[in-house]
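Participant: Quick one: sequence and predicted model below, then my questions.
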Amino acid sequence: MMQAIRDRAQSWIAWVIVIFLIIVFALWGVQGYVGGTNNTDVAEVNGVSISEREFENQYRSYRDQQRQQLLQALGNDVNHPLFKQLFNEEIMRQRVLEGMVQSRLLTFAAVKAGFNVGDEQINKIIVQVPVFQKDGQFDKETYKQRLRLQGMNNSGFKSRLKQDEMTAQFTTGLTNSTFVTDAQVNSWLALQNQQRSFSMMTLKAKDYQHEANINDDMIKSYYDQNLARFMTEEQVSVDYVVLSAKNLSAQAVADEQALREFYEDRKADYAVINTSEQTATLNKLRERIAAGENFSALAKEFSQDIGSANNGGKVGLISRIDMEQAFTDVAFALKQGEVSEPVQTSFGMHIIKLDRIQGEQRDVSHILLNVDSKKLRTRSFDEVRNEIEQEFITNASERRFGEQFQLLSNISYEQPDTLEPVTTELGLPIKSSESFTRRGGTGIFANPAIVSAAFSTDVLAGNNSEPIELADEQVIVLRVKKYQAAEAKPLPDVNDAIIKSLLSDSGRDKVKEKAAELLQKASEYSSLNDLAVLENAQLDKTRAITRGDKEVPREIVEALFKVQRPTADKPVYQSVERINGDVSIIALESVKGAETTQFTEEEQQAARNKLSELFASRDATALRADLRQSGDVVLTMNKNTDAAQQ
């Protein structure tokens, strides 16, 4: 079975990991992924510890993400009752820790099952991660720089990535082994396409607000009981310094002697595959083609591409993503019938002919000559001087940035009550921000990491923040300049808002009472229409819907498909509270099942895929539960320690 799982996992698992990494780096940044080590542990899984630093990195990222999403859903109202109810830091901390434990358990299970990942596969994944790319291509210096800034080396990062790759192969292989029967497909389709006919009358909450009798005592009582809703937002302004690698690059100077020494120390890095022989051969072939010889005939004679040589070098129609970029860039720049100059790819040296243009595709042929990767040529200093100068400046600025980053971190930590020593030692000017709330400000102060740091317990207590990494290789350290606590707004300022809330609450309560009363009477009338006319209520006439209906409000659909089937010709009535406070009374009039013979092959396949996903999710959940139960897990994190506020 394990072999079957492996076989089904290998074909597309690399793309799963790439997508996973894109999400991880986008939401958490490199730091959240590469983590670090610390002497304090929060858990131990099968004898392997999870460090407090690693946990805190992931937790802070998760917390900031959840906070941002929740505030967006609540109209950026940090005083909304639901915000304090849902933004529970203790629950979130336990959720993140449990996720990390599950990840470790899955890694152990993958290793035990015999999964393994080679360096070549890991390299292919890394080159496709966007944060390691420059201009859409993997950039070795960017990769090294991103890891270096987080104190991570290449081997450590690859080791962690191998674990995640094995885990993904293991779980994907397992879930891809799910099996769905025809009977299950037909049963699910019949259920999903069942039609329920109903009519509905709706009572508007606002129509019952006039029954409210609001007085000053009610307003004062509501104000006192809901004081949290009428608080101003706490605000803070900060002093800060910014360390920028870009500024250091501008300061770097490279003299000729230093560049030559830099070149000599790294001479081997400037070796390239010697393609002079292949290039000369291909240029001679181009001359023969230009003189009138047939491209296809020459491809059959000279091309070393086994797949296309016998077919006259014919590759066929390609899009811009079908071949390596160097190949497609040239192919799409050619005119019809034109033959390119020699082009190098990882396969060797090519000349390409554009046979025809078809929309966004190109029909091409090529002649490929293999190259010997062991035959290298070291480029001269003059050939690579510009490249050397750029690398020299980059290395110098990175080294200087790393040194100053460490110095900034040490000084701001050792003298936490001022930024003046930072200015003295590093020459970084102290800047000041405008006041901003927990929702953030403008510019860099819209960054959730900066906002979180500014309002952290440690910084509000008067200490410098830890260095915070920004985009474009910048690091900021901040401290509070002025803090304004949240305070209750005066009652007169919120009087109208309270009256509006009281009217709304009263309307909701009254309309529910009325709906309950009418629900008892509904069976006395010949139709819901008669009741709606008497109550002057909005009526939606009879219509049939399925479970997937997108036009009817979701709460109505869910209630309708939970109601028991009607017997004989007597409708079944049910009241439904709407999101806006209104109440609808629905009358389920009939239920019509779907015939399995009416479904097309495409619909059956879609249903099979959907059930496979559901079963896979079920199996994955069961696997995690089994591993959690059988694993040796020791949690040492103090649940009452609110490190998230630090």
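Facilitator: Arrived safely, thanks for sending.
Participant: Domain map for this protein?
Facilitator: The chain breaks down by automatic domain parsing into domains covering 2-181+611-645, 194-208+491-593, 235-256+388-484, 275-371.
Participant: Quick one: closest of those domains to W188.
Facilitator: Taking Cβ to Cβ, domain 2-181+611-645 is the member of the domains of the chain nearest to W188, at 5.8 Å. Where C-beta positions appear, they are placed from N, C-alpha and C, glycine not excepted.
Participant: Which of the domains of the chain comes out lowest on mean pLDDT?
Facilitator: With a mean of 72, domain 2-181+611-645 has the lowest mean pLDDT of those.
Participant: coming back round to it: now the domains of the chain as CSV including mean neighbour count and distance to Q604?
Facilitator: Below are the domains of the chain laid out as CSV (neighbours: other Cβ atoms under 10 Å; distance: least, Cβ to Cβ, whole Å):
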stretch, mean neighbour count, distance to Q604
domain 2-181+611-645, 16, 10
domain 194-208+491-593, 16, 16
domain 235-256+388-484, 17, 46
domain 275-371, 16, 31
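Participant: Make CSV from those domains and add distance to K267 to it.
Facilitator: CSV is the format used below for those (distance: least, Cβ to Cβ, whole Å):
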stretch, distance to K267
domain 2-181+611-645, 17
domain 194-208+491-593, 66
domain 235-256+388-484, 10
domain 275-371, 19
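Participant: which one of these lies closest to A268?
Facilitator: domain 235-256+388-484 (13.5 Å).
Participant: The closest one spans what distance, first to last residue?
Facilitator: With Cα to Cα, to the nearest Å as the measure, the ends of domain 235-256+388-484 fall 5 Å from one another.
Participant: now do stretch 370-390
Facilitator: 32 Å.
Participant: The closest residue in space to S590 that isn't next to it in sequence in helix, strand or coil?
Facilitator: Closest residue in space to S590, ignoring its immediate chain neighbours: S197 at 4.6 Å, by Cβ to Cβ, 6 or more residues apart in numbering. Using DSSP: H, G, I helix; E, B strand; the rest coil, the structure places S197 in strand.
Participant: hey, what's S197 bridged with?
Facilitator: Beta-bridge partners for S197, by DSSP bridges, are A544, S590.
Participant: quick one, what contacts it?
Facilitator: Counting by Cβ atoms under 8 Å, 6 or more residues apart in numbering, S197 touches 542-544, 588-592.
Participant: do that again at 6 Å, thanks
Facilitator: 542, 544, 589-590 (Cβ atoms under 6 Å, 6 or more residues apart in numbering).
Participant: Against D164, how distant is T542?
Facilitator: 54 Å (Cβ to Cβ, to the nearest Å).
Participant: Make JSON lines out of the contacts of S197 and add distance to Q145.
Facilitator: Formatted as JSON lines, these follow (distance: Cβ to Cβ, whole Å):
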{"residue": "T542", "distance to Q145": "66"}
{"residue": "A544", "distance to Q145": "61"}
{"residue": "E589", "distance to Q145": "67"}
{"residue": "S590", "distance to Q145": "67"}
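Participant: For stretch 331-341, which outside residues touch it?
Facilitator: Here stretch 331-341 makes contact (Cβ under 6 Å, 6+ apart) with 286, 289, 330, 351-354, 356-357, 362, 364.
Participant: Quick check: end-to-end length of it?
Facilitator: With Cα to Cα, one end of stretch 331-341 sits 11 Å from the other.
Participant: sorry, back to before: nearest to Y223, of the domains of the chain?
Facilitator: Comparing those under Cβ to Cβ, the one sitting nearest is domain 194-208+491-593, at 5.4 Å.
Participant: circling back to that earlier point, just the contacts of stretch 331-341: which are in helices?
Facilitator: Applying DSSP state H to these, the entries found in helices are 286, 289, 330.
Participant: Pull up the gap between the second one and F327, please.
Facilitator: Counting by Cβ to Cβ, the separation of I289 from F327 is 18 Å.
Participant: likewise F115?
Facilitator: 34 Å.
Participant: Could you do L428 as well?
Facilitator: Separation of L428 from F327 (Cβ to Cβ): 47 Å.
Participant: before we move on, what about R93?
Facilitator: Counting by Cβ to Cβ, the gap from R93 to F327 is 50 Å.
Participant: what does Q194 give?
Facilitator: In terms of Cβ to Cβ, Q194 sits 53 Å off from F327.
Participant: can you pull the contacts of S432?
Facilitator: Contacts for S432 (Cβ under 6 Å, 6+ apart) come out as 239, 481.
Participant: Using a markdown table, lay out the ones in helices among the contacts of stretch 331-341 together with distance to Q598.
Facilitator: A markdown table is the format used below for these (distance: Cβ to Cβ, whole Å):
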| residue | distance to Q598 |
| --- | --- |
| R286 | 62 |
| I289 | 60 |
| V330 | 53 |
